[in-house]
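Enquirer: sequence and computational prediction follow.
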Amino acid sequence: MTTDWMAEARRTVRGRRSDQPGSPARQGACPAPPLSETEICEAEAELGIAFPDQYRTYLLSRSAGGVDGAGSAMNRLRRSAAGWGWHGDTDTNYDLLTTAFPHPDSYSAAEEELNGREPLTDGYPDENAYRTAWQHWDAEYEVFQERKTSGAVYIQDNGCGFATLLVVTGPLRGSLWFDGRATCDRILPLHLDSRPVSFEEWLGRGSMDLVGW
């Protein structure tokens, strides 16, 4: 059965929220107060996930987001008219939050194969045929890229199209990753002293300083 990738792309992108008002947390902003146990449980139930332990403790005892005393700017977890979500974040795909985050090694071969199928103009009889084929390929590529961040929250906006991801679902739950696709087409793990950085260790540090380029 042939997949209608254009329809799938439209369906997939609906998992993002464009109704989270406000801008991402920036230096100088005030941190939001901690959440209660009841609020955290409500958010987890609604989102269908369990927050990683250190992030959950942070929400419960220190702040729901904003900029903390160490200078870490995080998208704020809060309840809006759309339900629980991260304030100012329009990149997290809520429909994919319950799907396990895939390690980049798991899709490298599939991505290479997909890139190799990009339509070329000399393979089609006319411009319209080429444009149609390319639009369908581009829709498949869009879905492929969106699924790369399944099971992850865009926890921090690093500017210039970069962002930090906190994995909330799957074997890599609790790990932090740097979305560098704006320039290098890669999602990279954050490391400290050659090991994965924990959420607590990440606080107050620059994500780009923890990327093994």
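Expert: Okay, I see it. All figures in this text were calculated on a predicted structure; none of them were measured in a lab.
Enquirer: quick one, what contacts the residue lying closest to Val13 once chain neighbours are set aside?
Expert: Once flanking residues are discounted, Val13 sits nearest to Glu146: 7.0 Å by Cβ to Cβ, 6 or more residues apart in numbering. Where you see a C-beta, it was placed from the backbone N, CA and C, and this is true even at glycine. For Glu146, the contacting residues are Thr12, Val13, Gly15, Asn93, Leu96, by Cβ atoms under 8 Å, 6 or more residues apart in numbering.
Enquirer: burial count for Glu37?
Expert: 10 (other Cβ atoms under 10 Å).
Enquirer: nope, Arg117 is what I meant
Expert: 11.
Enquirer: help me confirm that it comes into contact with His136.
Expert: No - with contact defined as Cβ atoms under 8 Å, Arg117 does not reach His136; the gap is 10.5 Å.
Enquirer: sorry, back to before: buried subset of the contacts of Glu146?
Expert: Thr12, Asn93, Leu96 (16 or more other Cβ atoms under 10 Å).
Enquirer: JSON lines please, covering those and showing pLDDT and secondary structure.
Expert: Listed next are those as JSON lines, based on pLDDT from 0 to 100; DSSP: H, G, I helix; E, B strand; the rest coil:
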{"residue": "Thr12", "pLDDT": "97", "secondary structure": "helix"}
{"residue": "Asn93", "pLDDT": "98", "secondary structure": "coil"}
{"residue": "Leu96", "pLDDT": "98", "secondary structure": "helix"}
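Enquirer: and which of those residues is nearest to Tyr124?
Expert: Tyr124 has its nearest neighbour among these in Thr12, at 26.3 Å by Cβ to Cβ.
Enquirer: farthest residue from the center of this structure?
Expert: Going by Cα atoms, centre = their mean, the residue of the chain most distant from its centre is Pro125, 39.4 Å out.
Enquirer: and stretch 45-57, how far out from the chain middle?
Expert: 15 Å (Cα atoms, centre = their mean, to the nearest Å).
Enquirer: can you get me the start-to-end distance on it?
Expert: 17 Å (Cα to Cα, to the nearest Å).
Enquirer: can you pull the buried residues of it?
Expert: Buried, per 16+ other Cβ under 10 Å, within stretch 45-57: Leu47, Ile49, Phe51, Pro52, Gln54, Tyr55, Arg56.
Enquirer: which pair of the residues you listed spans the longest distance?
Expert: Leu47 and Gln54 (17.5 Å).
Enquirer: quick check: the residue farthest from the centre of the chain vs Glu44, distance?
Expert: For Pro125, the distance to Glu44 equals 54 Å [Cβ to Cβ, to the nearest Å].
Enquirer: and the residue farthest from the centre of the chain, what helix or strand is that in?
Expert: Using DSSP states H and E, Pro125 sits in no helix or strand.
Enquirer: same check, this time on Tyr154
Expert: Per DSSP H and E: strand 152-159 holds Tyr154.
Enquirer: same for the helix or strand that comes right after that strand, what does it pack against?
Expert: Remark: after strand 152-159, the chain's next helix or strand is strand 162-167, criterion DSSP H and E. Under the contact definition 3 or more Cβ pairs under 8 Å, 6 or more residues apart in numbering; DSSP states H and E, strand 162-167 sits against strand 152-159, strand 176-179.
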